[in-house]
Structure formats: C-alpha cells, structure tokens
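**Q** missing the sequence, but the structure's below:
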Ligand code: HDD
C-alpha cells in the first residue's frame, strides 16, 4: 500500500510536499548539525584577538569536517550529467503485450526522473564533447521503480560486457598524463577500436552529428538491447525501446561545438534548465518495435547483438506514450548526482534477453552504486526511493534511514505473522520469463554475432550528403589527432569494409594509401576455435540498402519552439520593424535576445527605449539558432563599426544558420563575407536561409528558415573565413 508521502509523489506534486528533508530556511536561525543556534559565523574561536585558533572550536571543526567530505566519487562513466523531473503518460493500454502496471490504461501518468549525460568526460567537462549521450529514465511506478538506462544511439561499441572496462580505459584520458579530457581523438581509443571490428557500426554513429546534439531536448533515446514484454498470459514479445523528441533531432556543426565548449561549457545543461524554467517543457514519445517470439530468427542479424538495430522500415516503431519534463531539480547533488539507475530495476511485464552486454550490466550498476554512494542503503536516498513502500528483511548498514520495528527480520516466521510474505503472480509478484536453456557452458560468441559491417554500411548509406561529409570530416579529425601511423592505417583498413569512398576520403586526409582490406590479425573478433589469421570479414545482405529513419535530414522540421534568435541592434534602430519581427518570432515560440554594443538601453527612431540583453562583449553567435539584423540608418552604421557584430554575422553564416536582414541592414552584409550573396542576380535568398524583405512575408520567411534548422549546402560553396 502506498504511504501518504508516496501517494503525493504519484499525484505528481511539487517536491516540497514529497520529503520532510527539503529545507525551507526562510526566517530560520543558522544552526549546527545538532540543531544548536550559531551566534557568529564570521570568526573562529581564538585565544585573544590576535591569538591562535582553539581546538575547542567545535563549530569550526564541524563546518570544516563536513566541507572536507562534500564530494563522492564521480561516476566511472557518464560523470557529466543534467537531469529533470516529469511524468510519462500512456497513450493506449499495452495489456496485449505487457502486464506492466504503468502501461495498462490510456492517460495513466507515472512520475519520472531523467538524467542525460556524456560518457567520457569528468563531471566538470564540457557538454559539447563529441560523445554518446546517456538517456536514463527512472519511472516511479506503483509496482516499484523501473529504469530504462539507454543512450542517444541505438547500438553499442562492444558485444560483450567483459570488454567494457577495456573500452572505457581506452576512451578516457590516457593514464600517464590524464589527457585529453572528454575526447575520443587520441591514440588509446583508436588503437582499441582499430582492433575491434564489432565497433564499426557504433563508430559510424559516434562520428556522425548525433554525437554533437543541438540540445538534450532534441535527441532521440534508445534502450539499445532487445528486451522482452510479458503479458498476463505469460506470452513474451521482443521489444526495442525508442524515445522520439517532439522537437525533432538536431545537431550543431563540429566547429561550432568546439567554440561552444569555450564560450559556454554548460550549454546543454543551461538549455535544458532554461527551457523548463520558461515553461517550454521538453517532450518525447516512447516508441516500441515489437517482434513476436517466433520471429526471433527471421532477421539477417541477431536480436541479442547490441551492435545491431532493427531498421524501422523492417519493424515500424509504435508510439505508446509521451514523457514530459516539467520540473528542474531542487538540488543538483541530492538528485542528479545521487540518482542511481540500474537496468535491473524492473517491474512485472518487462524482462531481459540474453544479450551478453546487458547481462554484464546487470552486475555493474549495483556494484558501482555501492562504491559511489557508499552504502547498501542507497535505495533510501529520496531520489532513489520507490513510491511503492519497501518491505523486506534487509537490515542495518551505513546510514540506514528506515527504523524497522519489531523483532522479526527473517522469513519464514510465525512471530511476525509470516510477514512480509511472498507475492504470487496474481498479487503482482515478479517472475522471470521461463526461457528454455539447454546449452554447454562456454566462453565464446554465436556465429550470428560476426557480421560487423553490414549495418555500419547501412547507416552510412542512409545519411544525406551533408551528414556523410560531416562523418568523413569527423573521422579525418579524430585520426589526424592519432600519433601512431599504424593505428591510422588499421582504421582505414576497417573503413574499406564500410564504404570504399569513405575509406579513400579519410585516407586522403591522412596521406595514406587505401589498403585492400582490414589488417590482420583481428584477434578478438573471430569465432572461438578459429584461427585469427584466417579472419575473413563477414558481411550479410540486408533486405534494404538504406534506412531513411536513420538520417536526421528526415526529422520533423515543423516548429521553432525554444529556438534562440539573436537580434543585432544599436541606437537609432527601426524599432517598429524590430517589434514586428520579434512579435512574430515570439508568437511562433522562439526566444529573442537583443544584442547591442553596450548594455543598458538603446533608443529607437520612434523614441522607444529598448532594454539590451547582452553586449557584444559576452554575446556569441554559437549559442544562437538564428540571427536577425535590425534596420535603421544609425543602428546599421554603429554595427558596421563594431568588428564583433560583423564576426557574429559571418560566424552564424559559417555554421549554416538562418539570417534575416532588414532592407537597409543589407549594407552591413556588404562588409562581411556575405556580400557576394547579394551580388548575383539569380540568387534566391530563401533557398540559402539568408532572408531579406521581398515579395513574401518577411517574418514568415525567416520563421520557415529557422524550422529548417541549418542550411548545410552552404558548406559546399567552400570555406568561410570566420
Ligand atoms: Fe552503462 C552508467 C548507459 C553499457 C556500466 N550507463 C550508465 C549511464 C547510462 C549508461 C545512461 C548513466 C546513468 C546515470 O545517468 O546515472 N551503459 C549504458 C548503455 C550501455 C551501457 C546504453 C550499453 C548498451 N554500462 C555498460 C556496460 C557496463 C556499464 C557494459 C559494465 C559492464 N554504466 C556502467 C556503470 C555506470 C554506468 C559503471 C556508471 C555510473 C552508474 O553506472 O551508475 O555501472
């Protein structure tokens, strides 16, 4: 039965209601941890005004001691993260597939806490590293906590958990000099990858723009492994989980990512926080791909292999509910840092498969919480508590919160009336799927795990022209940072198996000849009992050559909600025109910042005085989605005289962002690289995302351009000096 507090969580109330531990210090005296009121928080206790500090000063000692112990170990992986509260709402009953309580009724709501993360960097590292993003969701269901601990990419680097420490040691900063931070572009990572052909599909994802999202709110999430749904009759179906963002899937340019890392390393964290504070709540639909138990072997890849996805064109994604994040945490440490996810936190109706990566994860997460959170009682930390009351005979341990009454802490018992007692299936007790297993105990992998390239090729073939170019550039960049030539050569060898042109383009930048194939031996990637020297790449034929669902070019582009627009302006601005544009942008859901040479106010030609949000001293184009250059003779002349304003425009153009110029602001464009844009008579401004008042509706044309996100075709025109 849910307690009073738990019922409040279920009804999705504010955090202050949830826990007596949340402090409200308003009107309160300062105290020690023992509740003693403190009269002086400025001076330690001394022997006289100029004397030494006394050991007796228990108030000083308590304060400093607590401070000295403020940190806990950061996560081994996914150390850098940001989180939010929200709820999940089920669209339609999924009872035909699963008995999971939170998926039984249309409109049913379940509270969630979601943490997004990067993988490789430390807790203080930049948000914009090229990396996989973690996407962890804790559902506080009334049958217990269910954690879906996924990533923003649907596959993984390795097939077996026994390789995870090797992968992470390879990608983390190198151990002798702790460099580089939050970057895979270094020798040890590529040394490992170049010997692990199974990583090639994931490498395609990690080198794609998916690894540099525009926003945590604009990325997909995936459960990665194949899971099971079990319905009330005990029938199992294989399930792949997807989170589909309602704002579409969007990324930044790599050059932009590196600059954001300098200008605002908290870019994603800030973006998530501000969106929620402003009431623009991020939303994702939960999708599932369902494969009947009998169809397990009908695919040309193994459903248990986490380096494979099921193309959406083969098994469509059904959307079964929506998640909305509507509340920022009250305290980063208490919630975001202490939340403990675990793929083994299950509810009846959901179960594992034998994916060997998943199986290893089931050990790792509890183990890591024990060392990070320091006690087997980590489930009692408020953010980790189940809303379904916990009853068992586990007792004591560090920092135990619960006070168990009575003398019975064992089962079976008569002294406690037999309580707590086992719950049979009818009473909602969890039981594992009774999969039949009849096998020899071995260390090895199924032959069906040895096609390492066909889905890497499928991913590459599915990308648009700009996406392919970015992926190629990413590989060129990363491998150019590698110091050991043999590693580069091995990588190009592997790429020949993905796509010959990709291999040739990467080899060209590295000054290498393209080898005929992978270099041998690939010692860890041959089936057991086969000689590594005889390794032959296995490549199976997929029924499709490309999967449009894998390209971000096909994402939804129907909204400018929460897009950040920079309005470049100065004294003498045509404020009427500016107001017209700004109103249209705000109405469409964008957010605008007025940027001028100085803080304070600027004067419009009609006498209006407008507050400036940022001066060019701190403003930077890379944190905006689009730029509008306001009109007015005085304003334009001042902006022309401001090198930072000209740079702002050029940089936004370089990163393929939409720009709008009022008619007289065109003069400013003449001072930038964009001048040639307006020279050509045939030039169609809307096609390239550079908008001027013309025949159409000026604000509308700009809004439509922002919906497109980026005009990558500009990159083909050559390098832009910004
Ligand atoms: Fe993991 C954290 C996702 C493989 C061991 N993992 C962690 C987090 C995410 C993932 C999102 C951050 C959780 C949070 O926000 O607190 N991990 C994945 C995915 C994987 C994966 C999608 C492959 C499909 N992980 C994986 C393996 C192992 C681990 C194979 C070990 C055998 N992961 C951990 C961990 C972490 C973790 C060391 C570090 C912090 C934590 O668990 O709570 O146990």
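**A** Structure received. Since this is a predicted model, take the numbers as computed values, not measurements.
**Q** the host helix or strand of residue 86 close to the ligand?
**A** Assigned by DSSP states H and E, residue 86 falls within strand 81-90. Yes - contact of strand 81-90 with the ligand (C-beta under 6 Å from any ligand atom) involves residue 81. C-beta here means a position set from N, CA and C on the backbone, and glycine is covered the same way.
**Q** how many neighbours does the closest residue to residue 658 other than its chain neighbours have?
**A** In space, and not counting its chain neighbours, residue 658 is closest to residue 705: 3.7 Å by C-beta to C-beta, 6 or more residues apart in numbering. Residue 705: 24 surrounding residues under other C-beta atoms under 10 Å.
**Q** who touches the helix or strand where residue 705 lies?
**A** Element membership for residue 705 (DSSP H and E) is helix 698-707. Contact partners of helix 698-707, identified using C-beta atoms under 8 Å, 6 or more residues apart in numbering, comprise 557-560, 563, 565, 580-581, 584-585, 588, 590, 625-626, 628, 658, 660, 686, 689, 691-692, 694, 711.
**Q** buried set for it?
**A** By 16 or more other C-beta atoms under 10 Å, the buried positions in helix 698-707 come out as 698, 699, 701, 702, 703, 704, 705, 706, 707.
**Q** these: which two are farthest apart?
**A** Farthest pair in those (C-beta to C-beta) is 698 and 707. Separation: 15.4 Å.
**Q** return the member of the buried residues of helix 698-707 nearest to residue 197.
**A** Closest to residue 197, out of all of the buried residues of helix 698-707 and judged by C-beta to C-beta, is residue 707, at 39.9 Å.
**Q** and the contacts of helix 698-707, which of them are buried?
**A** Applying 16+ other C-beta under 10 Å to the contacts of helix 698-707 flags 557, 559-560, 563, 565, 581, 584-585, 588, 590, 625-626, 628, 658, 660, 686, 689, 691-692, 711 as buried.
**Q** show me which residues of the stretch 351-500 of the chain sit near the ligand.
**A** 357, 360, 361, 364, 365, 368.
**Q** out of those residues, which are inside helices?
**A** 357, 360, 361, 364, 365, 368 (DSSP state H).
**Q** paired strands for the strand holding residue 86, with orientation please.
**A** Paired strands of strand 81-90, with direction, are strand 109-118 (antiparallel), strand 318-327 (antiparallel) (DSSP bridges).
**Q** for residue 483, find the nearest of those strands.
**A** Judged by C-beta to C-beta, the one of those that comes nearest to residue 483 is strand 109-118, at 24.0 Å.
**Q** I would like the residues contacting whichever helix or strand comes after the closest one, please.
**A** On the C-terminal side of strand 109-118, the closest following helix or strand by DSSP H and E is strand 133-141. Here strand 133-141 makes contact (C-beta under 8 Å, 6+ apart) with 9-10, 78, 81, 88, 100-102, 110-119, 145-152, 213, 216, 219, 221-222, 243, 323, 339, 341, 345, 347, 386-388.
**Q** generate a ChimeraX selection restricted to the buried subset of those residues.
**A** In ChimeraX syntax, the buried subset of the contacts of strand 133-141 is picked out as below (16+ other C-beta under 10 Å):
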select :9,10,78,81,88,100,101,102,110,111,112,113,114,115,116,117,118,119,145,146,147,148,149,150,151,152,213,216,219,221,222,243,323,339,341,345,347,386,387,388
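**Q** how many other residues sit next to residue 35?
**A** 7.
**Q** how far away is it from residue 62?
**A** 12 Å (C-beta to C-beta, to the nearest Å).
**Q** in strands, which of the contacts of helix 698-707 fall?
**A** Within the contacts of helix 698-707, residues falling in strands by DSSP state E are 565, 626, 628, 660, 691.
**Q** does the second one touch residue 658 like I think?
**A** If I follow you right, that is residue 626. Yes - using C-beta atoms under 8 Å, residue 626 is in contact with residue 658, at 4.5 Å.
**Q** CSV for the buried residues of helix 698-707, including distance to residue 26?
**A** Listed next are the buried residues of helix 698-707 as CSV, based on distance: C-beta to C-beta, whole Å:
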residue, distance to residue 26
698, 49
699, 45
701, 50
702, 45
703, 43
704, 48
705, 47
706, 42
707, 44
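**Q** by neighbours, which of the residues of the stretch 351-500 of the chain next to the ligand wins?
**A** residue 357 (22 neighbours).
**Q** wait, isn't it in contact with residue 225?
**A** Yes - Residue 357 lies in contact with residue 225 (C-beta under 8 Å); the separation is 6.8 Å.
**Q** mutual contacts of those two, please.
**A** By the contact definition C-beta under 8 Å, 6+ apart, residue 357 and residue 225 are jointly contacted by residue 306.
**Q** which parts of the chain sit against the ligand?
**A** Going by C-beta under 6 Å from any ligand atom, the residues of the chain near the ligand are 75-78, 81, 115, 117, 134, 136, 149-151, 156, 161, 164, 224, 306, 339-341, 357, 360-361, 364-365, 368.
**Q** what distance do you get for residue 442 to residue 356?
**A** 12 Å.
**Q** more neighbours, those two?
**A** Set residue 442 next to residue 356 and count neighbours by other C-beta under 10 Å: residue 356 wins out with 21 against 8.
**Q** residues in contact with the closest residue to that one other than its chain neighbours?
**A** Leaving out its chain neighbours, the residue that sits closest to residue 356 by C-beta to C-beta, 6+ apart is residue 160, at 4.5 Å. Under the criterion of C-beta under 8 Å, 6+ apart, the contact partners of residue 160 comprise 356, 357, 360, 445.
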